[in-house]
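# Output the structure for:
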Amino acid sequence: MRRYFCLLPLLLLTLLRAGAGSDELRFYLRSDPKTFNPALVADDASETVRYLTGGVLLRLNRQTQQIEPELATSWKVSGDGRTITFELRSGVRFSDGTSFTARDVKYTMDALMDPAVHSPTGDAFRAAPGKITSTVIGDDKVSITFPARIAGLPKLFDQVAIVSASSPKKEMAVMGPFYVSEYKPGVCVALRRNPHYWKRDETGHTLPYLDAVRLEIQANRDIEMLRFTRNEIQLINSMDADYYDRLARSVPGKVRDAGPSLDSEQIWFNQVPNAPVARYKLEWFQSRNFRRAISVAINRADICKVVYGGHAIPARGPVSPANKVWFNAQLPEARFDRNYAMALLRQDGFRLKGDALLDRGGHAVEFSIVTNTGNRARERTAAMIQADLRAIGITVNVVTLDFPSLIQRISETFDYEAAMLGMTNVELDPNAQMNVWLSSADEHQWNPRQKTPATEWETEIDRLMRLQASAAEERTRKSAFDRVQQIVAEQLPFIYLVNKNALVGVSPLLQGVSPVAARPQTYWNIERLKFSTERASNAN
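This is a model prediction of the structure:
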């Protein structure tokens with residue numbers, strides 16, 4: 001009897017802790033995931049779900065920036081760089097209990113490279129035309145052969161979440177630390193601990209430490225901030241500078257600045273030939289002089305100071321200096337020069353009439369920039385661009401849209417003139433940007449899915465991207481990608497504005513968080529995050 005009563009308080013404590021949700025991590029997604037199919041991920045919310053749930057053969061450690069074994073225990077790349085062979089971890093199961101074998105790797109790669117799927121992840125492997133072949137050598141061994149050498153090949157598998165070939169749940173059967181247990185559109189994505197997750201810590205304890213992750217869907221940053229200060233959510237993976245400064249003054253222990261991130265903010269003009277845009281405006285947008293004039297008329301230093309409170313640097317091109325290996329340090333600093341902007345415009349026949357800039361046909365220069373509603377930094381940046389361009393006679397209208405409507409405009413109907421968004425860079429290697437720079441790719445945003453390159457410089461970028469993706473020598477890869485960055489800086493299909501610092505919010509009661517510059521900044525080691533005993537005591 002005495003033994004029973006001694007155990008009762010412990011049982012009650014366990015029940016109270018479970019009821020208080022002490023093992024459930026909560027943070028926000030800014031929009032609904034567009035897909036749960038890991039092959040189709042192209043948005044931040046879907047990428048978050050994939051990272052937390054997807055089991056991968058190899059994982060890029062975001063802190064060391066080195067590749068590490070996961071579902072593959074070892075790997076070997078052939079001498080010609082065309083074949084990679086994986087030895088797989090045995091005894092591993094998907095979240096629904098289905099066994100993991102080499103057949104699942106083959107099934108995943110076949111689906112990923114199916115041209116009918118148009119997988120953004122698959123684009124990273126398209127170094128050359130031709131078929132990619134996966135060969136099952138045994139239950140625990142598989143080889144994948146590509147039509148040409150792919151440099152940096154192992155790192156690309158960080159984004160390839162393995163899908164079951166036999167589970168009726170298909171992509172919802174996963175091998176990451178968590179699985180999707182519930183999805184309520186517009187409300188949340190609920191994740192539960194994968195009961196078959198294979199990892200253990202140094203003491204033999206089964207990972208992950210957390211029992212659940214609740215991804216609440218909320219675009220309003222004010223609500224996110226309020227709930228974070230109330231400890232109702234425990235992470236903010238990306239924080240606006242004004243929020244960061246506000247919290248740094250009031251609760252400095254809850255914010256961290258991890259320095260320049262890999263991400264960029266940019267604007268671009270719609271250059272799709274058959275877009276529902278006035279022909280004379282398409283002529284502007286397709287002119288390098290016009291794009292360069294817009295670029296040099298924007299005061300990036302002021303944007304960094306006013307919008308980001310100094311927690312950003314002016315962007316030079318498509319790669320942040322936080323990427324120490326691939327950043328082209330020879331690119332010139334961003335230029336702000338209104339006189340030069342006017343000289344460029346005059347070369348294309350533009351002229352000032354009073355306070356308005358007119359093109360050679362007498363049309364007033366006016367266009368709209370679309371961006372996502374609720375993003376205060378982008379709205380303020382757009383307002384500053386309005387003022388900068390007004391100074392050279394250009395009228396800019398800013399249109400904010402909910403994220404699904406925005407994506408439809410820029411990716412499907414092409415019913416827009418200019419857009420402002422950010423580029424989220426998860427990988428350091430340029431191969432991960434094949435889906436942006438190849439002219440045939442979906443994410444070649446200013447003019448996607450081209451059957452043949454529309455311009456000579458896009459033809460050259462196609463050649464250089466395939467060269468760097470297949471070159472044996474790192475020096476050759478570096479030279480080719482440096483040239484890509486130079487062409488982009490000259491042609492400005494994207495007008496890069498700033499590289500933001502990685503500003504994050506972390507509850508002091510959450511242990512194991514070590515913010516990094518690469519995404520995901522706060523939860524890259526999600527399986528090792530846990531709440532402190534102080535949190536459990538306070539909850540009870």
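
# list the buried ones in stretch 288-297?
Neighbour-count burial for stretch 288-297 flags N289, F290, R291, R292, A293, I294, S295, V296, A297 (criterion: 16 or more other Cβ atoms under 10 Å). Where you see a C-beta, it was placed from the backbone N, CA and C, and this is true even at glycine.

# quick one: which two of those residues are the most distant?
The most widely separated members of those, counting by Cβ to Cβ, are N289 and A297 (12.3 Å).

# Can you report phi and psi for the most centrally placed residue in the chain?
Taking Cα atoms, centre = their mean, the centroid of the chain lies closest to T424, which sits 3.1 Å from it. Here is the backbone geometry of T424 (degrees, to the nearest 10): phi -90, psi 110.

# Tell me how far it lies from S261.
Taking Cβ to Cβ, to the nearest Å as the measure, T424 falls 9 Å from S261.

# what do those two both touch?
R519 (Cβ atoms under 8 Å, 6 or more residues apart in numbering).

# Please give the centre-to-centre distance between the one helix or strand K281 maps to and its chain.
Assessed by DSSP states H and E, K281 sits inside helix 279-285. Here helix 279-285 shows a centroid-to-chain-centroid distance of 30 Å under the convention Cα atoms, centre = their mean, to the nearest Å.

# Look up how far E333 lies from the nearest residue to L529 once chain neighbours are set aside.
Once flanking residues are discounted, L529 sits nearest to G512: 4.5 Å by Cβ to Cβ, 6 or more residues apart in numbering. From G512 across to E333, the span is 39 Å (Cβ to Cβ).

# out of those two, which sits in the more crowded spot?
G512 (15 against 9; other Cβ atoms under 10 Å).

# can you list contacts of the helix holding K281?
269-271, 273, 275, 277, 290-291, 348, 359, 361, 363, 365, 367, 417-418.

# Nearest to K254 among these?
A418 (36.6 Å).

# Identify the spatial nearest neighbour of the closest one, chain neighbours not counted.
Distance criterion Cβ to Cβ, 6+ apart; nearest residue to A418, sequence neighbours excluded, is I369 at 4.6 Å.

# shouldn't L247 be in contact with G505?
Yes - using Cβ atoms under 8 Å, L247 makes contact with G505 at a distance of 6.8 Å.

# Which one's more surrounded, these two?
G505 (25 against 20).

# The more buried one in helix, strand or coil?
State at G505, reduced to three classes by DSSP: H, G, I helix; E, B strand; the rest coil: strand.

# Might one say that it is in contact with M239?
Yes - using Cβ under 8 Å, G505 is in contact with M239, at 5.4 Å.

# Identify the contacts common to the two.
Residues touching both G505 and M239 by Cβ under 8 Å, 6+ apart: L247, V255.

# could you pull out the helices for the stretch 351-500 of the chain?
Counting by DSSP state H, counting those that start in this stretch, the stretch 351-500 of the chain has helices at residues 376-390, 403-408, 434-437, 456-470, 474-491.

# For the ones you listed, please prepare TSV with the additional fields distance to L156 and mean neighbour count.
Shown next, in TSV, are the helices of the stretch 351-500 of the chain (distance: least, Cβ to Cβ, whole Å; neighbours: other Cβ atoms under 10 Å):
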stretch	distance to L156	mean neighbour count
helix 376-390	30	19
helix 403-408	25	17
helix 434-437	9	23
helix 456-470	10	19
helix 474-491	14	18
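
# in this structure, which ranges drop under the pLDDT threshold?
1-22, 127, 426, 534-540 (pLDDT under 70).

# Spatially nearest residue to Y243, not counting backbone neighbours?
Per Cβ to Cβ, 6+ apart, closest to Y243 is M225, 5.3 Å.

# Could you point out the helix or strand that follows the one helix or strand the one you found maps to?
According to DSSP H and E, M225 maps onto helix 221-229. Downstream of helix 221-229, the first helix or strand assigned by DSSP H and E is strand 235-236.

# Can you report how many residues lie near the residue lying closest to T413 once chain neighbours are set aside?
Nearest residue to T413, sequence neighbours excluded (Cβ to Cβ, 6+ apart): P276, at 7.5 Å. Burial of P276 is recorded as 10 neighbouring residues (other Cβ under 10 Å).

# for P276, what are its contacts?
Counting by Cβ under 8 Å, 6+ apart, P276 makes contact with T413, F414, D415.
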